[in-house]
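Colleague: starting from these lines, generate the structure:
(one chain, ligands or ions: 1)
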Amino acid sequence: MRIDVLGVGFDNMTMTEAVDAAAALLDRPGCHYVVTPNPEIVEVCLENGEAKAAVNGADLVLPDGVGIIKGAAMLGTPLKERTPGIEFAAHLMGRMARTGKSLYLLGAKPGVAEQAAENLKKQYPGLMVAGTHDGYFQEDADVVEAIRKSGADVVFVCLGAPKQELWIQRNGPNTGAHLLCGLGGSLDIFAGVAERAPKFWSDHGLEWFYRLCREPRRIGRMMKLPLFLIHVKQERRRK
Ligand code: UDP
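Modeller: Modelled structure (predicted):
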């Protein structure tokens, strides 16, 4: 059973369990998808029913941010651990390199997905990258066709939320891939054009603050964080 945090149902899994579950989905017929919401996305889901349906419709909903872990605990239904999308992706690629599954990288500015592919092939020897495409396209159909032609098993869809979740829900089955993962800004990090917060910051639940210092223009989006905590407190009182 999923753990509800303000209307978004999270799967309660350790990272190992999540990667095992994704690997199992990959071997099942049909098209499946994974999303990794943070508090900001939960707040978007409160206002946007379509985004909420796309997020909750995923086969795996994994808590990306420490805020979700805190929120779930405050509501009296703790989650086992944080499973950040980028770390989940790293584990999955390690597994794919060993099992011969192929990966398509979709998203970010032109050139970024190609650079990410080069870096990832070095980092995960044996990883097969079936193709790449930037995230600034007009027609879904052309991209869907490119993925289908590539024969990729897995697609990392990195268009930002909730664009990527809606894209996956709309187009996933037509890509022919078995697993699509919505992974936000991960390609920028894999390509080396953006940095993750050092371990100290993430260990102390301050990754958001590090990002804010590096990219002050995110302030508007980050105001959703305190709002999320207020909403969780209201929900706790209501319960
Ligand atoms: N992006 C994209 N197409 C768009 C809008 C955004 O490919 O139409 C990319 C953007 O270049 C960035 C990623 O989506 O690489 C979103 O990154 P952000 O840091 O906002 O995502 P987060 O990890 O915070 O969800």
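
Colleague: so is stretch 164-176 next to the ligand?
Modeller: No - Stretch 164-176 is not in contact with the ligand by C-beta under 6 Å from any ligand atom; minimum separation 7.4 Å. The way it works is simple: take the backbone N, C-alpha and C, and place the C-beta from them, glycine included.

Colleague: who's in contact with that stretch?
Modeller: 30-31, 33, 35, 50-51, 53-55, 57-58, 104, 107, 140, 143-144, 147-148, 151-152, 155, 157-159, 180, 182-184 (C-beta atoms under 8 Å, 6 or more residues apart in numbering).

Colleague: dump that stretch to PDB, restricted to CA.
Modeller: Extracted C-alpha coordinates of stretch 164-176, given in PDB (Å, rounded to 0.1, in the frame of the first residue of the first chain):
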ATOM      1  CA  GLN A 164       8.000  15.000 -18.000                       C
ATOM      2  CA  GLU A 165       5.300  13.000 -16.100                       C
ATOM      3  CA  LEU A 166       2.600  14.300 -18.500                       C
ATOM      4  CA  TRP A 167       4.900  13.500 -21.500                       C
ATOM      5  CA  ILE A 168       5.500   9.900 -20.200                       C
ATOM      6  CA  GLN A 169       1.800   9.300 -19.600                       C
ATOM      7  CA  ARG A 170       0.800  10.600 -23.000                       C
ATOM      8  CA  ASN A 171       3.600   9.000 -25.000                       C
ATOM      9  CA  GLY A 172       5.200   6.200 -23.000                       C
ATOM     10  CA  PRO A 173       3.300   3.200 -24.600                       C
ATOM     11  CA  ASN A 174       4.100   4.500 -28.100                       C
ATOM     12  CA  THR A 175       7.800   4.600 -27.600                       C
ATOM     13  CA  GLY A 176       8.000   0.800 -27.400                       C
END
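
Colleague: distance from that stretch to the middle of the chain?
Modeller: For stretch 164-176, the separation from the chain centroid amounts to 14 Å (computed by C-alpha atoms, centre = their mean, to the nearest Å).

Colleague: now do stretch 152-164
Modeller: Distance of stretch 152-164 from its chain centroid, counting by C-alpha atoms, centre = their mean, is 8 Å.

Colleague: average model confidence for it?
Modeller: When pLDDT is averaged along stretch 152-164, the result is 98.

Colleague: quick one: terminal-to-terminal distance for that stretch?
Modeller: One end of stretch 152-164 to the other measures 18 Å (C-alpha to C-alpha, to the nearest Å).

Colleague: which positions in the chain make contact with the ligand?
Modeller: Checking the chain against the ligand by C-beta under 6 Å from any ligand atom, the hits are 107-109, 135-136, 158-161, 163, 184-185, 187-188.

Colleague: tell me the most packed of those, by neighbour count.
Modeller: Tallying neighbours with other C-beta atoms under 10 Å puts L187 at the head of those, with 31 neighbours.

Colleague: circling back to that earlier point, what about the contacts of stretch 164-176, which are in strands?
Modeller: Y33, V35, Y104, G107, V155, V157, C158, L180, G182 (DSSP state E).

Colleague: mind listing what the first one touches?
Modeller: Applying C-beta under 8 Å, 6+ apart to Y33 gives the contacts G57, A58, D59, L60, I168, Q169, G172, L179, L180, C181, G182.

Colleague: dump these to CSV, plus pLDDT and neighbour count.
Modeller: Listed next are the contacts of Y33 as CSV, based on pLDDT from 0 to 100; neighbours: other C-beta atoms under 10 Å:
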residue, pLDDT, neighbour count
G57, 98, 14
A58, 98, 23
D59, 98, 18
L60, 98, 22
I168, 98, 27
Q169, 98, 21
G172, 98, 23
L179, 98, 27
L180, 98, 30
C181, 98, 27
G182, 98, 32
